[in-house]
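what would the 3D arrangement of this be:
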Amino acid sequence: MFRRALTLVNNGITIPKQIQVSGNLHFIEISDNLIHKLSYQMFIKTHGMQCLVLKRNHIIEVEELSFAGQTGLLYLDMSYNEIRTLPPHIFDDLHDLIDLDLSHNKLQTLPNEIFIRLNCLERLKMDTNSIITLNNNILPIHSVKLKFVSFNNNPLKDFPVSILYIRSLEKAEIRYTNMSFSNLDTILRRVDRLLLIRSIIRSSSPLTNIYETTYKWRNLDLTGSNISGLFIPDGLDPTSQEILLIVFKHFKFILHENKLICNSDILPFNHLMKGFKDLSYWSGEEYFYTDWTCSYPEELNGKTVLTIEAEDMYSNINSNCPSDCKCFRYTQSKVTIIDCRNRGLSHIPKSVPSGMVDLWLELNNITILSFQTYFFHVRQLRMSNNILSKIDSDIFSKMPYLKILKLDRNLIFYLPESLQSLTLDQLKLDHNPLKCDCKTLWLKKWIMNSTSSIQNITDVTCQNEDGKINQFIAVPDNEFSCLQWSSYINIAIISTVISSILFAIFICI
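The predicted structure is shown next:
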């Protein structure tokens, strides 16, 4: 508790720039007023100041000597103002400063060495400014007390490697920025190896093993940034490999709300990390094996990044890709995925990239499944949630490589018997208005012989002549009859007999 204090909060007054605070004061708060310029005269006659709060005063300009002589100041809060620039030596006299808050201003750049002399600083808050870059000579990297820094909600483009040099750092928050690790190799080359090693050695002993995994991570919270992956080239130079290893041994990169893309571009990083694991540098239990998960493509969503193998990877394919669709190719198997889901399509694409194909057509308005030349190479045909009602009779006999067929949630009454020519791994037929009649008895028998490949088999239903809906495989064989067709035959026979009788009568007359 401060013994001598001055508080001017929310007075609704305009404070002139020549105001001067005099006397021995430990705590001063002047907030929610109008001070457009912070003059060097304001505190020149103030002594013993330990805490100064200047929040929400619309401060735009700060003079060079505003805090001259305030060597005992411990806490300085200038947040929620409109400060655009700071003089290079504004904090030079604040040797004992512990806590500095400059968040919620309009700072775009910071002068070189502006914080370099704040060797007692423990917490630095720079959130919600307009800072794009953070040079290496700004932070007090020689401090043994700085535990927390935050640059949240700044449009930072490059990762500030000087964060890695702070010896006592416990957590750095750099959330919701524009940072990307697409050039991770460039970032690694910017790291000063000696400064990095010096920052992680906690004792004076030169024998400290820098390759031992820390017992206490230094958290680097990069939540909500623009990081889509950790991309390095094949053949990363040995020095950069060593720096990456040291950094990952001591720092925890928190990547929540970053949409990590698991395509072929991450393979070099995964191969490097696997090499480290093979050399026993990693146990496989570290945070990056559990916390980093893929966001895209959808089929890998939630899968941990470092478990992705080459056969899981996709690369973009643009040549001959149907309009309104996206095309990807598996790096290892060379199978091309044609992703046309939920595109409002009313027809099957006429052409696709060459080679083996997985065709994803879910959630469209397609009514007819007609054969296309490339169907010969289709491995997956996914047509769930369309309005499909007609299928070419011989289509499946021309699809020798088809392994996954999804036709659920359509308007299918009858399936072509060419379906029997397929050897499927997965088939979905549920939620279709199938008929229970003589034309579908073959389908029941085929399903009963293929139960291991039918998904949701108990949800496959059919409708008899009376409109009753039954579980398809539970309908007795003798009920798969064509009553309506029998009626037609009976009517035809009766008509023929009547015609014959009438003809005979006519002859007799």
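
tell me where the model's unsure across the stretch 301-450 of the chain.
311, 313-314, 331-332 (pLDDT under 70).

what ranges do the helices span in it?
Secondary structure of the stretch 301-450 of the chain (DSSP state H, counting those that start in this stretch): helices located at 441-448.

repeat for the chain
184-190, 193-200, 238-250, 267-278, 287-290, 441-448, 483-508 (DSSP state H).

how far off centre is the shortest one?
The offset between the C-alpha centroid of helix 287-290 and the centroid of the whole chain comes to 15 Å, using C-alpha atoms, centre = their mean, to the nearest Å.

contacts for it next, please.
Helix 287-290 is contacted from outside by Trp217, Phe248, Lys252, Phe253, Met273, Trp282, Thr304, Val305, Leu306, Thr307, using C-beta atoms under 8 Å, 6 or more residues apart in numbering. Quick note: C-beta positions are derived from backbone N, CA and C, even for glycine.

do the same with the fourth one
Outside of helix 267-278, the residues that reach it under the criterion C-beta under 8 Å, 6+ apart are 184, 229-234, 236, 241, 244-245, 282-284, 288, 305-306, 308, 310, 313, 331.

one more: the third one?
In this structure, residues lying in contact with helix 238-250 by C-beta under 8 Å, 6+ apart are 164, 184-185, 188-189, 191, 193, 196-197, 200, 210-214, 217-218, 232, 236, 272, 276, 281, 286, 288.

buried residues in it?
The neighbour-count check on helix 238-250 (16 or more other C-beta atoms under 10 Å) flags Ser240, Gln241, Ile243, Leu244, Leu245, Ile246, Val247, Phe248, Lys249, His250 as buried.

show me which of the residues you listed is closest to Leu100.
The shortest approach to Leu100 among those belongs to His250, at 25.2 Å (C-beta to C-beta).

measure that closest one to Ile473 for me?
His250 sits 60 Å away from Ile473, going by C-beta to C-beta, to the nearest Å.

hmm, Ile447 is touching Gln455, no?
No - using C-beta atoms under 8 Å, Ile447 is not in contact with Gln455, being 11.5 Å away.

out of these two, which sits in the more crowded spot?
Legend: neighbour count by other C-beta atoms under 10 Å for Ile447 and Gln455, higher for Ile447 (19 against 14).

count of residues packed around Asn432?
What Asn432 shows, counting by other C-beta under 10 Å, is a neighbour count of 22.

so what's it closest to, chain neighbours aside?
Spatially, and ignoring its direct neighbours in sequence, Asn432 is nearest to Ile412 (4.3 Å; C-beta to C-beta, 6 or more residues apart in numbering).

so what's the one you found up against?
By C-beta under 8 Å, 6+ apart, Ile412 lies in contact with Leu388, Ser389, Ile391, Leu429, Asn432, Pro433, Leu434.

what are the bridge partners for Arg329, then?
Beta-bridge pairing for Arg329 (DSSP bridges): Ser315, Thr336.

isn't it up against Ile337?
Yes - Arg329 lies in contact with Ile337 (C-beta under 8 Å); the separation is 7.4 Å.

weakest of the helices of the chain by average pLDDT?
Note on the helices of the chain: lowest mean pLDDT is at helix 483-508, with a mean of 44.

quote the end-to-end distance of stretch 376-387.
Start-to-end span of stretch 376-387 (C-alpha to C-alpha, to the nearest Å) is 23 Å.

buried sites along it?
By neighbour count with 16+ other C-beta under 10 Å, stretch 376-387 contains the buried residues His377, Val378, Arg379, Gln380, Leu381, Arg382, Met383, Ser384, Asn385, Asn386.

for the residues you listed, work out which two are farthest apart.
Using C-beta to C-beta, these span at most 24.2 Å, a distance reached by His377 and Asn385.

for the residue most central in space within the chain, which non-adjacent residue is closest in space?
Centroid-nearest residue in the chain: Lys259, 1.8 Å away (criterion: C-alpha atoms, centre = their mean). Excluding its sequence neighbours, the residue lying closest to Lys259 (C-beta to C-beta, 6+ apart) is Ser295, at 4.0 Å.

residues near the one you found, how many?
Ser295: 18 neighbours (other C-beta under 10 Å).

contacts only, for it.
Ser295 touches Asn258, Lys259, Leu260, Ile261, Asn301, counting by C-beta under 8 Å, 6+ apart.

look up how far Ile317 lies from it.
Ser295 is 20 Å from Ile317, by C-beta to C-beta.

can you check Leu38 too?
Leu38 sits 58 Å away from Ile317, going by C-beta to C-beta.

now Asn365
Where Ile317 is concerned, Asn365 sits at a distance of 25 Å (C-beta to C-beta).

more neighbours: which of the two?
When neighbours are counted by other C-beta under 10 Å, Asn365 and Ile317 differ, and Ile317 comes out ahead with 17 against 13.

how about the contacts made by the closest residue to the more buried one other than its chain neighbours?
Once flanking residues are discounted, Ile317 sits nearest to Cys327: 4.1 Å by C-beta to C-beta, 6+ apart. Neighbouring residues of Cys327 by C-beta under 8 Å, 6+ apart: Asn316, Ile317, Asn318, Cys321, Thr336, Ile337, Ile338, Asp339, Val352, Pro353.

report the contact partners of the second one.
I take that to be Ile317. Contact analysis of Ile317 by C-beta under 8 Å, 6+ apart lists Cys327, Phe328, Arg329, Thr336, Pro353.

likewise for Tyr374?
Tyr374 makes contacts with Ser351, Val352, Ser354, Val357, as judged by C-beta under 8 Å, 6+ apart.

can you tell me which of these are in strands?
Val357 (DSSP state E).

how near is Asn112 to Pro233?
As judged by C-beta to C-beta, Asn112 and Pro233 stand 32 Å apart.

now do Ser354
Ser354 is 29 Å from Pro233, where distance means C-beta to C-beta.

likewise Ile261?
Using C-beta to C-beta, Ile261 is found at 17 Å from Pro233.

just want to know which of these two has more residues nearby.
Set Ile261 next to Pro233 and count neighbours by other C-beta under 10 Å: Ile261 wins out with 18 against 13.

and Trp442, how many residues sit next to it?
As a burial measure, Trp442 scores 14 neighbours (other C-beta under 10 Å).

I figured it hits Gln420, correct?
Yes - shown here, Trp442 and Gln420 form a contact pair, counting by C-beta under 8 Å, at 7.4 Å.

is it true that Ile473 touches Asn449?
No - counting by C-beta under 8 Å, Ile473 does not reach Asn449; the two are 11.0 Å apart.

so for the two, which sits in the more crowded spot?
More neighbours surround Ile473 than the other of Ile473 and Asn449, with 17 against 9 (other C-beta under 10 Å).

show me the contacts for the more buried one.
Per C-beta under 8 Å, 6+ apart, neighbours of Ile473: Lys444, Ile447, Met448, Ile457, Thr458, Val460.

what's the closest non-adjacent residue to Glu29?
Val53 (4.0 Å).

sketch out the strands for the stretch 1-150 of the chain, chain order is fine.
For the stretch 1-150 of the chain, the strands defined by DSSP state E, counting those that start in this stretch occupy 5-9, 22-24, 27-31, 37-38, 45-47, 51-53, 61-62, 75-77, 99-101, 123-125, 148-150.
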